[in-house]
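Asks: Kindly generate the corresponding structure for this input.
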Amino acid sequence: MSFFSPKLISLLPTEAKPDPKWSSLLSEAEETAFLLNRRQVTHAESEWKLLVLFVPLDRQCLCNEQVSVLVREVDAALQVLHSKLEKAIISVALLDTQSNTGHLRLRRTCLCPAVQSTAELRLTTAIYSHVLLESLEHHLVEKKWYNNREDFTVQLQRVPLSDFILSWDGGASDEKLESETYKLVLQLWENLVMGTELPCENLNPSNTPPTSVHALRPADIQVVAALGDSITAGNGVGSSPYNLLDVTTQYRGLSWCVGGDQNLSTVTTLPNILREFNPALTGFSVDKGKEETSQAFLNQAVAGATSVDMLKQAQALVSRMKNDSRIDFHSDWKVITLFIGGNDLCDSCKNSLYYSAENFVKRVQEALDYLHSEVPRAVVNLVEPIHIIPLRGMHQDSSLNCPTWMVRILCPCTILPKNGSKALQDLDDLNRAYQRGLVDLVESGRYDTHSNFTVVLQPLLRDLTLPYTDGRPDRSFFSPDCFHLSQKAHTLMARGLWNNMLEPLGNKTYSQDFTAGLSVKCPSENSPFIQTYENSNYTYKGPAPTPPPISTGLGAKSQNYFQLNTEYKGVSWSIGGDTALETTTTLPNILRKFNPSVQGFSTGQGLFAKKGFNMAVSKAKVSDLSAQVSALIEALKSSQVPRVLVNVVTVPEMDRLRRIQKNSLPCMLIPSEKCPCFMLPEDNSVELTEIKLINLHYQTVTEQLISGGRYDGREDFAVVLQPYLQSTVVPLSKEGNPDLSYFTVDCLHLSERAHAEMAIALWNNMLEPVGKKQIFNNFTHDRTKIQCPSEAHPFIYTKMNSIPDYSTTPSPDITPQPIQPTQLTPCPFTVPVWVPAVFGVIGLLLGWGITWLFLWGRIKKMKTAKEPKETESELKGTSL
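Replies: Numbering: from 1, shown residues only. Presented below is the predicted three-dimensional model:
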């Protein structure tokens, strides 16, 4: 302590006298008060005092009666100190002396029966130490007058001290004595101090309120908030060591990233650190309570929450911020911490699909997307999921007496796997996948579209070292269930998060060894800001490479695995424009037969490809369509083309594709993770039934959207649903097996042959009236099935020019029958201006594009020797 206060003076009462009255806590308290007041004749009102009141535990004299005696002695001593001292902090600590000298038995008459065995002694010590702690804590709560003054307080150390020194009988070496002395002092210091000394000199805000998140100083932050699970909710943070029931209590005021109890000198949390820079900070939680209480304020973490709950928590948080008079929602700078993933990992072995890394990242993304769109002036601390494997160590040492049976219920997927098992390796792999997924999410740059919002990944818990003491895991870092974290751990997590916030991107601390301690950092003159990608001079790596959608023609003409990453944009079914229809069947090449001036199609392959108006983006989802449409509109404006017809292709019926994986040996080897929600469930399972219902619902709501009249009423704009994939048919060979010639060598992407079939099916749907469109695909070897406009119906069909009969064509048997080629009358090429000049915009058929990629991701291109050979033009070209 003299390191922090060089003028520190230590005073001790005189040594205990043989008379028992001089060895009581009461007499020592009276003597201590006398010595301190005599010392402070001139400084009585200016000097703060710290007193440690040791309550001795005699292992051979512990029972209910003795506990009552000790509580009364402590109370008497505290009354003396309270009445005679000012500016005093009294810390009450239990001292387990492991006495074998009889020293303590001189102090009092033992009221307890003799203990006969070592095992019984160990049991009674553990039980009554806990009872004594609980009794003292309850007593201190009842005696509120202990803390009714600004210059006097009493705190109870919740971890007993173990003192080899007082029980030393002279038989140990000097080295052993010195080592044990150091351990005792260190333990006392750790129990005593949960606060933090902040050595920072410059605590000032910016000269004017910053307008950029990249120029935000700690003192500029006015609001703190948090989302998460029971760790952030504060479950068990303030619980005494063996009070298992108290773990249900949410000590939100002690929560590492959002608690605001007391101040930094006694409680280390991120808000208490920030309050050293800005005392007017708000948003932090105090005291105890659940998320809906006023004490929680902007701590909206919910015990037991998983990633799926993050969006709901984000919505609740935004609602509170918008409706609280203490917050200027649009002007105040905010720090929001999101920490989730532990409970997902705990339950991951129960449903690997539901808790997959992809779903975890998707759910976190939904919450971040919402914050990004709703909250101005905010920095989001996205804390990586904790590396959960080391925590198993708390439940592998029986001497810790941890309630492992309960944690097996709370977190079975972490506790139950055996060391070295595949289940444990799967858990570790998933844990790392969660962490990498969040890295990729932030590295995509999707949350850095404007200067008043950013998401910063904080990796402080990526690699965690379980704290040990005396060769065993240190239970003092954990709450009574040995699963949640104690205030000691929350203290170090708060320091770690603060340090991460001041460390530049690319150079953040990503491992924690709590036994080594952790000091706090300060903003520097050269780097006074909360670190972001911009003020760190950091360049995002961009999203991880993922397979482009079908519209890019990825691997369509590949002949081997080395060509799979080549994008053959010119043969893409809906937007490609390579060569001519006689050799390459695509929608633009069909349209060019009617209007050679059609624009917008993509051509070429690889680095030399030209995308035209093909705005498809790798791994796109519905949420990404808005950005693609914006990009397309900008491109269309520059080309001065205002008239648009939009084809929306129905989401395919996907469950029939499961037979490909079962019946096609090459495809059985392809990882099911490419489309796990359809490929992994068992036949007739609840999961499969649910996903099939979702598939059907997608088709239904899409049809309702298009047919509801929302897009009617304009002469220069129409949206038409093309349903040829509504009842998806698996193309089969003559032997009745899936025909793998429609797919590339990776059993995932469509071959050029399939692209040709897709183009013909789309074209034919366009020439069929609304309500009479074919709702199944007919992938066969017949190249004469392409339809032509008629004199009676020369138009591309829309809702307005269709026959008002909305019956649909029934789906045929799924096994294609051999079709005898017939020669159609060539289509007249004198169709007038009904073909828009930029019909290449059809390439933006993202209504089904990414789903089709997953749908057909089970088949490998493999031409059977028994099929009759066909020429390249028969497979890829079309006669119109």
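Asks: State the mean pLDDT of stretch 255-266.
Replies: For stretch 255-266, mean pLDDT is 92.
Asks: actually stretch 87-102, not the one I typed
Replies: Stretch 87-102 comes out at a mean pLDDT of 69.
Asks: Repeat that for stretch 728-741.
Replies: pLDDT averaged over stretch 728-741 gives 76.
Asks: Output that stretch in PDB with nothing but the alpha carbons.
Replies: What follows is stretch 728-741, C-alpha atoms only, in PDB (Å, rounded to 0.1, in the frame of the first residue of the first chain):
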ATOM      1  CA  THR A 728     -38.800 -28.800 -58.100                       C
ATOM      2  CA  VAL A 729     -38.000 -31.900 -60.000                       C
ATOM      3  CA  VAL A 730     -34.700 -33.700 -59.700                       C
ATOM      4  CA  PRO A 731     -33.300 -34.400 -63.200                       C
ATOM      5  CA  LEU A 732     -32.900 -38.200 -63.500                       C
ATOM      6  CA  SER A 733     -30.900 -40.500 -65.700                       C
ATOM      7  CA  LYS A 734     -32.500 -43.400 -67.600                       C
ATOM      8  CA  GLU A 735     -31.600 -45.600 -64.700                       C
ATOM      9  CA  GLY A 736     -33.700 -43.400 -62.400                       C
ATOM     10  CA  ASN A 737     -30.700 -41.900 -60.500                       C
ATOM     11  CA  PRO A 738     -30.000 -38.200 -60.200                       C
ATOM     12  CA  ASP A 739     -28.300 -37.000 -63.400                       C
ATOM     13  CA  LEU A 740     -25.000 -35.600 -62.300                       C
ATOM     14  CA  SER A 741     -24.200 -34.100 -65.700                       C
END
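Asks: wait, doesn't Leu430 sit right on Asp347?
Replies: No: judged on Cβ atoms under 8 Å, Leu430 makes no contact with Asp347 at a distance of 11.2 Å. No exception for glycine: its C-beta is placed from N, CA and C like everyone else's.
Asks: mind showing which ranges of the stretch 751-880 of the chain have poor pLDDT?
Replies: 780-784, 803-877, 879 (pLDDT under 70).
Asks: quick one: buried residues of the helix or strand where Leu441 lies?
Replies: Following DSSP states H and E, one finds Leu441 within helix 422-443. Neighbour counts over helix 422-443 (16 or more other Cβ atoms under 10 Å) mark 424, 427, 430-431, 433-435, 437-439, 441-443 as buried.
Asks: Let me know the closest of those residues to Gln599.
Replies: Among the buried residues of helix 422-443, Glu443 lies closest to Gln599 (Cβ to Cβ), at 35.6 Å.
Asks: Would you mind confirming that the closest one makes contact with Lys541?
Replies: Yes: in this structure, Glu443 is within contact of Lys541 by Cβ under 8 Å, at 4.9 Å.
Asks: where do the strands sit along the stretch 251-400 of the chain?
Replies: 333-339, 378-383 (DSSP state E, counting those that start in this stretch).
Asks: export those to a markdown table and tack on mean pLDDT, distance to Pro473 and mean neighbour count?
Replies: Listed next are these as a markdown table, based on pLDDT from 0 to 100; distance: least, Cβ to Cβ, whole Å; neighbours: other Cβ atoms under 10 Å:
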| stretch | mean pLDDT | distance to Pro473 | mean neighbour count |
| --- | --- | --- | --- |
| strand 333-339 | 98 | 22 | 25 |
| strand 378-383 | 98 | 23 | 24 |
